[in-house]
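Peer 1: give me a model of this one.
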Amino acid sequence: MVSQGKKSTQPADPEVLQATQHHLRQNLQLWGTAGISGEEVLRVYSSEAQHLEELIGRTLSLGESNSALLLAPRGTGKSALVDGVLGQLKDRGVLGQGLVVRLSGLLHTDDLQALKEITRQLRLEEAAAKKVFRSFAENLSFLLESLRGGSKETAKPAIFLLDEFDLFCHHRNQTLLYNLFDAAQSAQAPICVLGLSCRLDVLELLEKRVKSRFSHRQIHLQASGDFTTHYLHTFKTLLHLPHSFPFKDFAHVWNEDVESLAGDDVVLDVLRRQHTTTRDVRVLKSLLVMCLAQLDEGNTRLTPQMFSRAEALVTQDARTNTVRGLSALQLCLVIAMKHLAEVYDGEPFNFEMVYREYCKFSLKSSMQSFEKPVVFKAFDQLMGLELVRPVDQTCRVQREYELVQMMMTPGQVGEVLSQMPSLPTDLQRWASMGLVA
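Peer 2: Numbers count the residues shown, from 1 in each chain. This is a model prediction of the structure:
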């Protein structure tokens, strides 16, 4: 395929451009992380959706208690699938008075926080405030007992969704997991405990007593990883303007451009590199957002050059950006460490070695020199930025003699310094040379 030539871009009505960007950004937000819409995720994972629907449905309609794990790599569509199943149950009236409690291992970092969130989502703060609980289990039992409402007919079923389930396994004694699984197994209340995790070995993280309460029911999703039928299709669908778009002529031209871009060599190379690095559609969305941000009244059509620029922003190294924002003194230390890493072939060094090289440079440089405490403060800041890290954090020595290692290769440092036009001449010369004699 041949890369498409430069297109003529005519100034567009600001209203058209604003409507286009608004619709596409909304489209990028509404689609799930698997790169498929809420409706399509149910079609792609039809058998898994049916399994989940039966599992949750029995809790909602029959009062059964169940537990299960939904396991798949990141960006596969676990959350989208669960939301789609719950949406279907709600549309059919099965969800009814059922309650959905959502917990995240990233947000609720200990069992007490998780318990407070469960109380809040069940709207039982006032009832719980009037009680004094002797244990975590007693507190959770009270919350679940409140759902029963006195009889099976009046009981309110609850669906517990534990996102990042593997992080809950690191809580002390796994008290929350034990009590939830125990409640599901003993049918204390009609609940369904569903854990979502990207770790396929998450069962190995469970303590023996917790594992004994779990039903061992697992649902696996297979990642849709084919480039042409999935990734490229997702790319085109995310950028597609629908028939309902108010500016019909513009939408027609725009959709033709998207089809053309999907066959462009430059764009395909960018997409293939992204697909090879990660199949997480969230990265693709970030790329497309950066492309859309380059549109203006003079450039209303996407071009391959926009994708190249967006890729450079998406793939840039965080430490490289950090180096660009360092002070002159910190850059001196980075260059000194670069030379030490080259001379000693990546072996660890300490602050005293770096300071010795800095002193040699400052004697022959016209730049301002600093006292040792100031230089050490700058070195300590580099450690805080994780450009430098200790080799052994358990070793008890004076900070000045602690062995450290630079987290960038000398080649990476040299490359980023060569791209800094504002770098002082003395530092440019020192960076391109070796250690100061």
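
Peer 1: for stretch 129-144, buried residues please.
Peer 2: For stretch 129-144, the buried set under the neighbour-count rule, 16 or more other C-beta atoms under 10 Å, comprises Phe136, Asn139, Leu140, Ser141, Leu143, Leu144. Heads up, the C-betas are built off the backbone N, CA and C, glycines and all.

Peer 1: TSV for those, including secondary structure, pLDDT and distance to Asp13?
Peer 2: Converted to TSV, the buried residues of stretch 129-144 look like this (DSSP: H, G, I helix; E, B strand; the rest coil; pLDDT from 0 to 100; distance: C-beta to C-beta, whole Å):
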residue	secondary structure	pLDDT	distance to Asp13
Phe136	helix	86	61
Asn139	helix	88	60
Leu140	helix	85	58
Ser141	helix	85	63
Leu143	helix	86	56
Leu144	helix	82	58
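
Peer 1: which one of those residues is nearest to Glu386?
Peer 2: Taking C-beta to C-beta as the measure, Glu386 lies nearest Phe136 of the buried residues of stretch 129-144, at 36.3 Å.

Peer 1: surely that closest one touches Thr175?
Peer 2: Yes - if you go by C-beta atoms under 8 Å, Phe136 and Thr175 touch, sitting 5.1 Å apart.

Peer 1: pull up the overlap in contacts between these two.
Peer 2: Asp111 (C-beta atoms under 8 Å, 6 or more residues apart in numbering).

Peer 1: any idea how far the residue nearest to Tyr231 when sequence neighbours are not counted lies from Val334?
Peer 2: Spatial nearest neighbour of Tyr231, chain neighbours left out: His275 (5.0 Å); criterion: C-beta to C-beta, 6 or more residues apart in numbering. Between His275 and Val334 the computed distance is 34 Å (C-beta to C-beta, to the nearest Å).

Peer 1: Glu342 too?
Peer 2: 13 Å.

Peer 1: neighbour-wise, which of the two wins?
Peer 2: Val334 (24 against 16; other C-beta atoms under 10 Å).

Peer 1: within the helices and strands, which one has that one?
Peer 2: helix 328-343 (DSSP states H and E).

Peer 1: now for that helix, which elements pack on it?
Peer 2: Packed against helix 328-343 by the contact rule (3 or more C-beta pairs under 8 Å, 6 or more residues apart in numbering; DSSP states H and E) you find helix 351-364, helix 372-384, strand 404-406, helix 410-418, helix 425-432.

Peer 1: give the buried residues for the second one.
Peer 2: For helix 372-384, burial by neighbour count (16+ other C-beta under 10 Å) applies to Val375, Phe376, Ala378, Phe379, Gln381, Leu382, Met383.

Peer 1: what are the boundaries of the strands in the stretch 1-150 of the chain?
Peer 2: Counting by DSSP state E, counting those that start in this stretch, the segments of the stretch 1-150 of the chain that form strands are 66-71, 99-104.

Peer 1: out of the ones you listed, which is the most enclosed?
Peer 2: Scoring the strands of the stretch 1-150 of the chain by mean neighbour count under mean count of other C-beta atoms under 10 Å gives strand 66-71 as the most buried, with a mean of 22.

Peer 1: now that one: average pLDDT?
Peer 2: Average pLDDT, strand 66-71: 94.

Peer 1: ok, residues contacting that strand?
Peer 2: 52, 55-56, 58-59, 78, 81-82, 165, 180-181, 184-185, 192-200, 202-203, 214-215, 217-221.

Peer 1: quick revisit: which one of the strands of the stretch 1-150 of the chain lies closest to Leu268?
Peer 2: Comparing the strands of the stretch 1-150 of the chain under C-beta to C-beta, the one sitting nearest is strand 66-71, at 32.2 Å.

Peer 1: centre of the chain to that closest one, how far?
Peer 2: 22 Å (C-alpha atoms, centre = their mean, to the nearest Å).

Peer 1: cool, stretch 330-340 as well?
Peer 2: With C-alpha atoms, centre = their mean, you get 32 Å for stretch 330-340.
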